[in-house]
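Asker: predicted coordinates and the sequence they were generated for:
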Amino acid sequence: MYTVYALYSPSFDKIYIGITSDLDDRFKSHNDLATKGFTVKFRPWIILYTEEYPTKSEALKREKQLKSSRGRQFIRSKIINH
């Protein structure tokens, strides 16, 4: 299974969208282990939204949709309801 996820940084009002096959490990990397990259600059992150897919190709397709303008609007609506 692959998880498409959206992280939110309340401190900086930033969103990060990605995919992984191990959400717990990936989330730990974003918040604690990574030493470079976009997410390091905007810690701490919370998991705002997730969806699961059986194949990597399906997950990549959905990730691309969520990174579009309409997808980002959808994710922003989750912040309001969080």
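Answerer: All right, it came through fine.

Asker: what about the longest helix in the chain?
Answerer: helix 69-81 (DSSP state H).

Asker: can you give me the mean pLDDT across it?
Answerer: Across helix 69-81, the average pLDDT comes to 91.

Asker: contacts only, for the nearest residue to residue 74 once chain neighbours are set aside.
Answerer: Among residues not flanking residue 74 along the chain, residue 66 sits closest, at 7.0 Å (CB to CB, 6 or more residues apart in numbering). C-beta coordinates here come from the backbone N, C-alpha and C atoms, glycine included. Applying CB atoms under 8 Å, 6 or more residues apart in numbering, we find residue 66 in contact with 4, 6, 17, 72, 74-75.

Asker: next one: the spatially most central residue of the chain from residue 78, what distance?
Answerer: Nearest to the mean C-alpha position of the chain, counting by CA atoms, centre = their mean, stands residue 6 at 2.5 Å. In this view, residue 6 and residue 78 are 7 Å apart by CB to CB, to the nearest Å.

Asker: now for those two: what residues contact both?
Answerer: In contact with both residue 6 and residue 78: 48-49, using CB under 8 Å, 6+ apart.

Asker: related to what we said a few turns ago, which one of the contacts of residue 66 sits closest to residue 53?
Answerer: Checking those against residue 53 by CB to CB gives residue 4 as the nearest, at 6.7 Å.

Asker: same for the helix or strand hosting the closest one, what does it pack against?
Answerer: Element membership of residue 4 [criterion: DSSP states H and E] is strand 2-9. With contacts taken as 3 or more CB pairs under 8 Å, 6 or more residues apart in numbering; DSSP states H and E, strand 2-9 sits against strand 14-20, helix 23-28, strand 46-53, helix 56-66, helix 69-81.

Asker: CA atoms only: put the longest one into CSV for me.
Answerer: Presented in CSV, the C-alpha positions along helix 69-81 are these (Å, rounded to 0.1, in the frame of the first residue of the first chain):
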residue,chain,number,x,y,z
SER,A,69,-4.4,24.4,-7.9
ARG,A,70,-7.7,22.6,-7.3
GLY,A,71,-6.0,20.0,-5.1
ARG,A,72,-4.3,22.6,-3.0
GLN,A,73,-7.7,24.3,-2.5
PHE,A,74,-9.0,21.0,-1.3
ILE,A,75,-6.1,20.6,1.2
ARG,A,76,-6.5,24.1,2.4
SER,A,77,-10.2,23.3,3.2
LYS,A,78,-8.9,20.6,5.5
ILE,A,79,-6.9,23.2,7.5
ILE,A,80,-10.1,25.2,8.2
ASN,A,81,-11.9,22.0,9.4
